[in-house]
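*Asks:* Please find the sequence and the predicted model below.
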Amino acid sequence: MKKLINDPARVVDESVDGFGLAHADLVRVHRDPLFVVRADGPVQGKVGLVSGGGSGHEPLHAGFVGRGMLDAAVPGAMFTSPTPDAIAPATTAVDGGRGVLHIVKNYTGDVLNFETAAELSDAEGVTVRAVVVNDDVAVEDSLYTAGRRGVAGTVAVEKIAGAAAERGDDLDGVATVAERVIANVRSMGVALAACTVPHAGTPSFELTDEEIEIGIGIHGEPGRRRIPMAPADEITALLTNPVMDDLGLAGGEQVLLLVNGMGGTPLSELYVVYRESRRLLEARGATVARSLVGNYVTSLEMQGASVTVLRFDDELLSLWDAPVHTAALRW
Amino acid sequence: MKKLINDPARVVDESVDGFGLAHADLVRVHRDPLFVVRADGPVQGKVGLVSGGGSGHEPLHAGFVGRGMLDAAVPGAMFTSPTPDAIAPATTAVDGGRGVLHIVKNYTGDVLNFETAAELSDAEGVTVRAVVVNDDVAVEDSLYTAGRRGVAGTVAVEKIAGAAAERGDDLDGVATVAERVIANVRSMGVALAACTVPHAGTPSFELTDEEIEIGIGIHGEPGRRRIPMAPADEITALLTNPVMDDLGLAGGEQVLLLVNGMGGTPLSELYVVYRESRRLLEARGATVARSLVGNYVTSLEMQGASVTVLRFDDELLSLWDAPVHTAALRW
Amino acid sequence: MTLDVAWVDRWVRRTAAVVAEHRVELIELDRQIGDGDHGENLHRGFTAVVGRLDELTEPPAQIGDVLKLVATTLMSTVGGAAGPLYGTAYLRAAKVTGLPELDAPAVVAMIEAGLEGIVARGKATTGEKTMVDAWSPAAAAAQTAAAGGATALEVLEAAANAAEAGAVATDPMVATKGRASYLGERSAGHRDPGAASSALVLRAAVTAATDPVVPAAP
Amino acid sequence: MTLDVAWVDRWVRRTAAVVAEHRVELIELDRQIGDGDHGENLHRGFTAVVGRLDELTEPPAQIGDVLKLVATTLMSTVGGAAGPLYGTAYLRAAKVTGLPELDAPAVVAMIEAGLEGIVARGKATTGEKTMVDAWSPAAAAAQTAAAGGATALEVLEAAANAAEAGAVATDPMVATKGRASYLGERSAGHRDPGAASSALVLRAAVTAATDPVVPAAP
Ligand SMILES: Nc1ncnc2c1ncn2[C@@H]1O[C@H](COP(=O)(O)OP(=O)(O)O)[C@@H](O)[C@H]1O
Ligand SMILES: Nc1ncnc2c1ncn2[C@@H]1O[C@H](COP(=O)(O)OP(=O)(O)O)[C@@H](O)[C@H]1O
Ligand SMILES: [Mg+2]
Ligand SMILES: [Mg+2]
Ligand SMILES: [Mg+2]
Ligand SMILES: [Mg+2]
């Protein structure tokens, strides 16, 4: 394992430290416990938005702290959800008097730690609601799984809920908007090569040069099945079709198409995937109203990509278009 | 070699195609020959800015086409400079009547092809000037080399020259500003693992798990020397010190610090590098006035990073801050 | 030896040592069917626990005080699924150990409380390939042993044995809770890391009762 | 056989075939001390050349017409350093071959013009580990052979032999031009890809003069 790090035990601290220095105009870093808040927060009279999760998915979540998106991000250890004793003070720190929304990716660890944090915050008199993002169609949402995972669709939830909060919606309103995004966003990913978690030192799984892993998560977890390597267009179909099917796209929809890199895939390849994914959506009769191509929800240096589709309604579209100013997303 | 491509011979076309579709609000893609221009160009009365080079460095250059930066980008084959028959029509296409500046990275191929293109454009009555970016301190600028290479400093040249053109400077004025950036920007890179050019199919060089390559280029060329793997802070010093020395930083300077990912390095690691690089700059007495951390000038999926420092003067700083709206850089 | 506050101190320190020793193995198990952090998470947690124990200006008076310190430390340093689950287990266990010394029924109550805490938070039942598959047989074995007149130490031993067998029994299971459930059928053939670490924790309780040596900090 | 327009057509097509055959080898050489695209670049270029030759509605009248088509096609399809360098070489060569058939002095003039084109663009001299190190000895050998009364074919052969030797002689050189110069001393011990491809090009000229078979498109 070769990584530009000093010590696996310090990588999250040092990285967040660097992030805070590089974006001092946007954020402040709180230490012990570690979390990142808007430099201009807490914004009085605005619902606060807190998200967080294991590190290693950068720019998620700290890269999305700023006007029109998150008020705080709580980074856990690499691929390990943060603890309640960090989430709760972050929640308190961004409370502007109108309550705080927790945006939680659906993993057992994240859900449990945010739950506990919400209880702690509640005890401190901060009203907290939580929404759980579960956009990954690779996992069946059934009795036999922990439910669909939260993956790249999280960006859409954070952006749009952030815009709703920014325009002044109350906590229930922001939560409702977030839930609507969650209900309308689906993703599916592929890995060509695994990543290596610093403390583990070996790749999270092994793939030969002839195979890829379909339905991959963002924590170096192996996916649902392994298939022979195939041309990009075929792989793109394997990602896009289940997403379109699960959304029940029938034609006439306006959608966001997000082609997300897992961290180790060249941008040029993401645009190759985007091209075919868009073609498939248009062949279904959907209109790609907005696009995002790049590394937004990564899995360290994993090679691979995911396709996320969000079905817009007029309000979601205009909230997507609302101004945002964060380190990783700005318009 | 596993890549999200359909065919090595078509990857550039398909990728640029996808890019054009994803950013139709910003750019138009011209085919046969292939180049990318501002959707709202040619801007009459403005000096046109054209850059280009081998593909595989995305978002460079197409990702920097738009208001306040480039008017056209000419993508060559992977790691191969584009040909004059593409550069010349791109030049004509963006001529707003005040001439066109070619921003050329210093590689024999790029220089020769842009030279020929300039002759062709000249013959068509378009006034062309060229600046050659050579920020890579890993290469000695001597009789014994083709001269320093153009690497991540190119982003600063394109951004600042773009701002000068946008505010209405004439061709000589824009060229002078560009030259001033070139005179004040230096870079140095490291690779932890090589990249694989699609048509080659094997990595451009091999590194064991215990060694890294210092002074790497952005074309999968090996660097100047191979050293044992080291902690991030040590590597960062090996990148930052020569840059500071070559710039002759003595304290009191205002600088831009750009920590650039080579394509396959997690953002979290880039911030670890940023943190130490900034510390070293500050220890020299320089003030990091502006920062940029991310994948801007990549080498496909290469694992590694480069450190770029630009010494600002008041004008360069205000041109850096001027609005820009491109796919990869926006404020 | 008696299962008193000195014992619980040794238990916790031994757990930290054992987790440090098995860190890589637990990471490896989690890498197979999860995200490869379980060993790291517990190691970070128990190292912090030992640190806090060492910081105490006066020794804890009660067994429950130590277990509560473990609970809150794990909750605030482990993260992931294991943090809240183990945290709640120790918290519930702390509540039922308000005695200077544990007898056989108290050991049963402690293990049952731990299991209940895990189930309350994680909502898993046996057969879902989680730590419940170690704690549930452990609680049952403890109860049986106590009913048969076993000593407190024998009860502990029965629980540790059952937890180890329970961890082994997770090998063929298809996970339906936690991260491994994403793998579906592919999760079979691997041991659940949380069940494996649970067995280590309970075995450490036995060792702490039979071996007076206080392990050094990991 | 005579070195006429049919020969030059065969030369170009044979070059395309030979480049296709050695594509991987040239990529490999360039991967060692450059960026691994030289074989790909030339392959793309000469494939395009053959395509354009095939598209001509009437056969080219003059040797120079074919060489000029090669020049403009390479310039517009190869890119990199090799595109302008080879392009200019063929362009200059085209200018001095305004004859229906090349005699020995004309072969010399053609090769010298090619060399001059490369030097004019690339500013390299011998010993810098570039294609000049193939073309320069080739031009010298051609001149010597012609001065000694050799036939046109013999002149070509002398040039090809010298180019091959020149390519081999680049092995120990330290590059001071082109991409390999970035490596400094580390460039020694590898053959220059451009010199290697130049030798292939000149050898193809010989083969095209001795073997009447027109190679199929690559
Ligand atoms: N719902 C649950 N109920 C009980 N135990 C669970 C549950 N989900 C996960 N676990 C346990 O947690 C262990 C994983 O812990 P850890 O790797 O630290 O957390 P994470 O899965 O968040 O990375 C699993 O091996 C399993 O034993
Ligand atoms: N200045 C120069 N003069 C002559 N030949 C050169 C010069 N620079 C490079 N070359 C030749 O070009 C070859 C590389 O061609 P190619 O790989 O196609 O281009 P690039 O270096 O742009 O990738 C080198 O092997 C060398 O022979
Ligand atoms: Mg985890
Ligand atoms: Mg090249
Ligand atoms: Mg885990
Ligand atoms: Mg090359």
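*Replies:* Sure, I can see it. Note that this is a predicted model, so its numbers are computed, not measured. Ligands and ions are numbered 1, 2, ... in the order given.
*Asks:* right, and A:Ser81 touches A:Asn113 too?
*Replies:* Yes. Using CB atoms under 8 Å, A:Ser81 is in contact with A:Asn113, at 4.9 Å. Just so you know, the C-beta spots here come from the backbone N, C-alpha and C atoms, and that holds for glycine as well.
*Asks:* Give me the common contacts of the two.
*Replies:* C:79-80, C:83 (CB atoms under 8 Å, 6 or more residues apart in numbering or on different chains).
*Asks:* just the residues you listed that are near ligand 1?
*Replies:* Subset of the shared contacts of A:Ser81 and A:Asn113 in contact with ligand 1: C:Gly80, counting by CB under 6 Å from any ligand atom.
*Asks:* now, which of the shared contacts of A:Ser81 and A:Asn113 lie within helices?
*Replies:* In this view, the shared contacts of A:Ser81 and A:Asn113 that belong to helices under DSSP state H are C:Gly83.
*Asks:* Who wins on neighbours among the shared contacts of A:Ser81 and A:Asn113?
*Replies:* Top of the shared contacts of A:Ser81 and A:Asn113 by neighbour number is C:Gly80, holding 34 neighbours under the definition other CB atoms under 10 Å in any protein chain shown.
*Asks:* Verify the contact between it and C:Asn41 for me.
*Replies:* Yes. Counting by CB under 8 Å, C:Gly80 does reach C:Asn41; the two are 5.1 Å apart.
*Asks:* Now the common contact residues for these two.
*Replies:* A:Thr80.
*Asks:* What's the first helix or strand after the helix or strand hosting A:Gly53?
*Replies:* Using DSSP states H and E, A:Gly53 sits in strand A:48-55. Next helix or strand after strand A:48-55 toward the C-terminus (DSSP H and E): strand A:66-67.
*Asks:* what packs against that following strand?
*Replies:* strand A:325-326 (3 or more CB pairs under 8 Å, 6 or more residues apart in numbering or on different chains; DSSP states H and E).
*Asks:* Have a look at A:Ser81 and A:Asn113 and say which one is more surrounded.
*Replies:* A:Asn113 (34 against 31).
*Asks:* Identify the residue spatially nearest to the residue of chain C positioned farthest from its centre, adjacent ones excluded.
*Replies:* Residue farthest from the centre of chain C, counting by CA atoms, centre = their mean, is C:Glu185 at 26.8 Å. Leaving out its chain neighbours, the residue that sits closest to C:Glu185 by CB to CB, 6 or more residues apart in numbering or on different chains is C:Val174, at 5.8 Å.
*Asks:* Then C:Leu183?
*Replies:* Of all residues not flanking C:Leu183 in the chain, C:Ile33 sits nearest, at 5.7 Å (CB to CB, 6+ apart).
*Asks:* So the residue farthest from the centre of chain C is in contact with C:Ala175, correct?
*Replies:* No. Under the criterion of CB under 8 Å, C:Glu185 makes no contact with C:Ala175, lying 9.8 Å away.
*Asks:* Now for the residue nearest to C:Leu183: which residues touch it?
*Replies:* Contacts of C:Ile33 were listed using CB under 8 Å, 6+ apart, and they are A:222, C:175, C:179-180, C:183, C:186-187, C:190, C:192-193.
*Asks:* Fine by me, thanks again.
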